[in-house]
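S.K.: sequence plus predicted model, see below.
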Amino acid sequence: MSRREILLVHNGASLVGRNACERAVGILRAGGFDPRPLSAATAQALSRDLTATLRNASTRIAAVVAVGGDGMVHLVLQSLNRLREQGVEFPFGLIPAGSGNDLARFHGVPVGDVERAAGRVLRGLESPERSMDLVHVTCADGSHHVCATAVCLGLDARVNARANRWSSVTHSVKYVAALAVEAVSMRARRYDLSWTGPDGACHVSDRTLTFLALTNTSSIGGGLTIVPRADPTDGSGELFMVSDVGALRLAWLFPRLFLGTHESLREVTVVPATAATVAAHGIPSEPRDAAYGDGERLGPLPASLKVLPAAVRVLL
């Protein structure tokens with residue numbers, strides 16, 4: 001009987017990703033599985049090939065492992081969610097080999113140690129099942145997405161957009177630098193918000209905000225901890241809001257985000273939410289009024305968000 005396969009999904013154009021994939025192969029093979037690297041020339045082609053592979057070889061595949069950063073996590077989860085909606089589920093593993101590794105940091109997956117990360121995949125396959133919530137997002141253009149870490153909707157989304165254009169800079173550094181650039185000309189936006197709490201109560205508000213995000217895990221931007229107590233297994237996300245602040249006040253607040261001591265500040269509000277809708281108040285959305293999830297552009301506002309409890313089995 002042939003051994004079951006573990007798909008290693010990676011960016012073939014990334015030297016770091018290719019090297020990590022090659023190193024993981026030996027560990028997973030020694031663990032009794034048949035590692036199968038999967039890459040493609042573009043993200044669109046990789047997503048298409050991954051979905052087709054999962055459909056055609058579902059009985060042979062023991063796990064799907066993203067080898068890369070949060071962007072690769074995001075790509076893999078789209079395919080896994082599509083198959084889950086059709087009744088076929090696969091365990092998800094992660095070997096960090098990218099610039100933004102917020103999901104790996106949250107779960108304590110070793111960053112920069114491929115062998116230990118691959119070992120965690122093997123141990124996860126031998127352990128009782130663990131699942132993680134995802135956040136489903138529907139954007140104004142009709143596109144649908146699932147996200148593992150956070151969905152950014154305010155200045156944080158615009159910072160993300162700028163940081164993504166600086167591909168030669170490491171993620172955590174470029175996020176801070178992009179925030180500094182955006183802060184110079186920033187203006188808070190007024191948003192129409194509605195959200196549902198874990199108790200089923202509905203809340204409606206319009207607020208002028210600088211930062212606005214629905215988080216599933218604790219950090220964005222490669223280590224900026226915005227919701228220290230986030231729990232991606234409780235069926236609820238955390239709506240993170242920072243009220244209108246000027247550039248100088250933001251500069252004073254920013255170090256406290258790294259230290260995780262900002263939640264007591266009057267400008268910061270964190271509330272649990274199982275679903276939310278977000279739109280720019282009273283004016284047409286600008287092109288840069290977009291939702292970003294797992295560091296990737298999702299689509300324009302307005303956006304509807306919903307937490308999907310226990311949506312993916314994880315080997316983290």
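M.R.: Done, it's in. Bear in mind that the values here come from a model prediction, so they are computed numbers and not experimental data.
S.K.: quick one: least confident helix or strand in the protein?
M.R.: Taking mean pLDDT, DSSP states H and E as the measure, the helix or strand of the chain with the lowest value is helix 171-184, at a mean of 61.
S.K.: please, where are all the helices along the stretch 1-150 of the chain?
M.R.: For the stretch 1-150 of the chain, applying DSSP state H, counting those that start in this stretch gives helices covering 15-30, 43-56, 70-85, 102-107, 114-126.
S.K.: of these, which is nearest residue 267?
M.R.: For these, the distance to residue 267 is smallest for helix 102-107, at 22.8 Å, taking CB to CB. Just so you know, the C-beta spots here come from the backbone N, C-alpha and C atoms, and that holds for glycine as well.
S.K.: pLDDT of the closest one, averaged?
M.R.: Averaged across helix 102-107, the pLDDT comes to 96.
S.K.: still on that earlier bit, let me have the helices of the stretch 1-150 of the chain in TSV, adding mean neighbour count and distance to residue 93 as columns.
M.R.: Formatted as TSV, the helices of the stretch 1-150 of the chain follow (neighbours: other CB atoms under 10 Å; distance: least, CB to CB, whole Å):
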stretch	mean neighbour count	distance to residue 93
helix 15-30	18	10
helix 43-56	15	14
helix 70-85	21	9
helix 102-107	22	11
helix 114-126	18	4
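S.K.: as CSV, the ones you listed with distance to residue 234 would be great.
M.R.: Below are these laid out as CSV (distance: least, CB to CB, whole Å):
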stretch, distance to residue 234
helix 15-30, 31
helix 43-56, 28
helix 70-85, 19
helix 102-107, 14
helix 114-126, 20
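S.K.: between these, which one is closest to residue 219.
M.R.: Comparing the helices of the stretch 1-150 of the chain by CB to CB, helix 102-107 comes nearest, at 4.8 Å.
S.K.: using PDB, list the CA coordinates for the closest one.
M.R.: Taking Å, rounded to 0.1, in the frame of the first residue of the first chain, the C-alpha atoms of helix 102-107 are listed here in PDB:
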ATOM      1  CA  ASP A 102       1.700  36.400  12.200                       C
ATOM      2  CA  LEU A 103      -0.100  33.100  12.200                       C
ATOM      3  CA  ALA A 104       3.100  31.100  12.900                       C
ATOM      4  CA  ARG A 105       4.000  33.500  15.700                       C
ATOM      5  CA  PHE A 106       0.600  33.200  17.300                       C
ATOM      6  CA  HIS A 107       0.700  29.400  17.400                       C
END
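S.K.: for it, name the packing helices and strands.
M.R.: Helices and strands touching helix 102-107, by 3 or more CB pairs under 8 Å, 6 or more residues apart in numbering; DSSP states H and E, are helix 70-85, strand 92-96, strand 219-220.
S.K.: need those in TSV with distance to residue 36, can you?
M.R.: Converted to TSV, the helices and strands packed on helix 102-107 look like this (distance: least, CB to CB, whole Å):
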stretch	distance to residue 36
helix 70-85	14
strand 92-96	13
strand 219-220	31
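S.K.: quick check: which of these is nearest to residue 235?
M.R.: helix 70-85 (16.3 Å).
S.K.: next, the angle helix 15-30 makes with that closest one.
M.R.: Inter-element angle recorded for helix 70-85 and helix 15-30: 50 degrees (by axes from the mean of the first three to the mean of the last three CA atoms, to 10 degrees).
S.K.: where does the protein have low pLDDT?
M.R.: Applying pLDDT under 70 to the chain flags residues 1-2, 161, 163, 165-186, 247, 251-252, 254-255, 257-260, 283-288.
S.K.: helices along the stretch 201-316 of the chain, start to end?
M.R.: Ranges of helices in the stretch 201-316 of the chain, per DSSP H, counting those that start in this stretch, are 247-259.
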